[in-house]
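Chemist: Okay, structure incoming, though there's no sequence with it:
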Ligand SMILES: [Zn+2]
Ligand SMILES: [Zn+2]
């Protein structure tokens, strides 16, 4: 996965992994490949354990109450997960920037790509562009990639379910008010 300038692909990847953490190293690898990552070394139990430790730390960034707290938590992640930028032209050719050391396993690559991608996403689109689905029985993390930046649900399905629920609540209230 080449880091695009706005961090969208890595944020989408970590949202997917956080919503349903992989159960096996093979599943972890498959889902990264599906997201466009090239995997050039074996993926093992250590990678999965490292990912499962990383996901709650990333979700804490989502759950931060203020931009300052969000920045502080993400800065701590960047300190642990990324390194100074360097130019590389491995594999598919094409020079690009890595924010990590060479030779890391999949979890190390994901931690670096996701931390840097999240920083790019928040600074490009806005510090409030991460959140939790407003549908109470969902609560899944989402990234807001919309133009307007007013997303409140993880998906159109949750937005629709909440709209239906509010409509029914209003109807029920109206009927109750009509009764003598
Ligand atoms: Zn690369
Ligand atoms: Zn939802």
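Modeler: Cool, got the structure. Remember, predicted model here, so these are calculated numbers, not experimental data. Ligands and ions are numbered 1, 2, ... in the order given.
Chemist: Lowest mean pLDDT among the helices and strands of this protein, which one is it?
Modeler: Counting by mean pLDDT, DSSP states H and E, the chain has its least confident helix or strand at strand 96-98, which shows a mean of 90.
Chemist: Strands of this protein, start to end?
Modeler: Counting by DSSP state E, the chain has strands at residues 86-88, 96-98, 130-132, 141-143.
Chemist: mind checking which of those is nearest residue 78?
Modeler: When the strands of the chain are ranked by proximity to residue 78, the top entry is strand 96-98, at 13.9 Å, counting by Cβ to Cβ. (Glycine included, C-beta is placed from N, CA and C.)
Chemist: what are the pairing partners of the closest one, and which direction each?
Modeler: Using DSSP bridges, the strands paired with strand 96-98 in its sheet are strand 86-88 (antiparallel).
Chemist: Can you list the buried residues in the least confident helix or strand of the chain?
Modeler: Along strand 96-98, these residues count as buried under the neighbour rule (16 or more other Cβ atoms under 10 Å): residue 98.
Chemist: Please list all residues in contact with residue 35.
Modeler: Contacts for residue 35 (Cβ atoms under 8 Å, 6 or more residues apart in numbering) come out as 1, 9, 12, 13, 16.
Chemist: Quick check: of those residues, which has the highest neighbour count?
Modeler: residue 13 (21 neighbours; other Cβ atoms under 10 Å).
Chemist: What residues does the protein have near ligand 2?
Modeler: Counting by Cβ under 5 Å from the ion, the residues of the chain lying close to ligand 2 are 133, 135, 138, 140, 154, 158.
Chemist: Reformat these as JSON lines; add pLDDT, neighbour count and distance to residue 177.
Modeler: Formatted as JSON lines, the entries for those read as follows, by pLDDT from 0 to 100; neighbours: other Cβ atoms under 10 Å; distance: Cβ to Cβ, whole Å:
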{"residue": "133", "pLDDT": "97", "neighbour count": "20", "distance to residue 177": "31"}
{"residue": "135", "pLDDT": "95", "neighbour count": "19", "distance to residue 177": "26"}
{"residue": "138", "pLDDT": "95", "neighbour count": "17", "distance to residue 177": "30"}
{"residue": "140", "pLDDT": "97", "neighbour count": "16", "distance to residue 177": "35"}
{"residue": "154", "pLDDT": "96", "neighbour count": "21", "distance to residue 177": "33"}
{"residue": "158", "pLDDT": "97", "neighbour count": "19", "distance to residue 177": "29"}
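Chemist: Good, we can wrap up now.
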